[in-house]
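Q: dropping a prediction and its sequence here:
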Amino acid sequence: MTEKEIRQTFIDNGAPIFEPLIEFQQAFGGYIFYAVLAPIKFSLIKGAGGYPVYSNTAVVEFEESEFSSPKYFFDCATTNYQMQFFLDEQGVYYEDYEPIASSFSKSVEHLALWDEMWEQNNFELIFRDRSLKIENIEKELNLNLISEASDQYTLWFQNEEIYVKQWKGLTTLVASKTYSRKEKLLTL
């Protein structure tokens, strides 16, 4: 769809127009990810036969928030997977109303990091979503920030043998299968 067609679909649905949403639709509309075996199709514009636009069946689903910020949640995916996916008016990406990333492109980077680890077939999950006893794990393990995947919601760090993800005060750690100090990692 062209930008003009996207904007017109928003207008036809009485949906407020925000630039981060137009940019999302242009960049990621039609993108499909899989959660286990369930496809998740990302798009703000939905509807049976939503294309061509002149059929008037294209739908933009959104709801007003109970809070002053964000003001709106826009449904950005269609799936049978038991989760809801939203963008707010600033383009912040949510899963089940929890902010995951400052933009959908940051979330794509998160998925790319997981793919990178598993494709190398040399990494294993040490722990997931754990509250740590230490602060600044990146200094303790000599890790570097992965800026293209990090933002105010999720931080990613790595070195040659370790990947660390931090979200909402919880840490997930993945290490090389050959990492010699795994027992130390379990005590963090």
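A: Happy to help now that I have it. Numbering: from 1, shown residues only.
Q: and the helix or strand hosting Ile32, which residues are buried?
A: Counting by DSSP states H and E, the element that carries Ile32 is strand 31-35. Neighbour-count burial for strand 31-35, with 16 or more other CB atoms under 10 Å as criterion, is recorded at Phe33. Every residue, glycine included, has its C-beta placed from N, CA and C.
Q: can you list the strands that that strand pairs with?
A: Paired neighbours of strand 31-35 in the sheet (DSSP bridges): strand 38-42 (antiparallel).
Q: what mean pLDDT does the partner strand have?
A: Per-residue pLDDT over strand 38-42 has a mean of 94.
Q: show me what the helix or strand just after it is packed up against.
A: Scanning forward in sequence from strand 38-42 by DSSP H and E, the next helix or strand is strand 45-46. Applying 3 or more CB pairs under 8 Å, 6 or more residues apart in numbering; DSSP states H and E, we find strand 45-46 packed against strand 59-60.
Q: show me what secondary structure element comes after the strand it packs on.
A: Following strand 59-60 toward the C-terminus (DSSP H and E): strand 62-64.
Q: now do the buried residues in that next one.
A: Buried residues in strand 62-64, counted by 16+ other CB under 10 Å: Phe62.
Q: so how far is it off the chain centroid?
A: The chain centre lies 20 Å from the centre of strand 62-64; the measure is CA atoms, centre = their mean, to the nearest Å.
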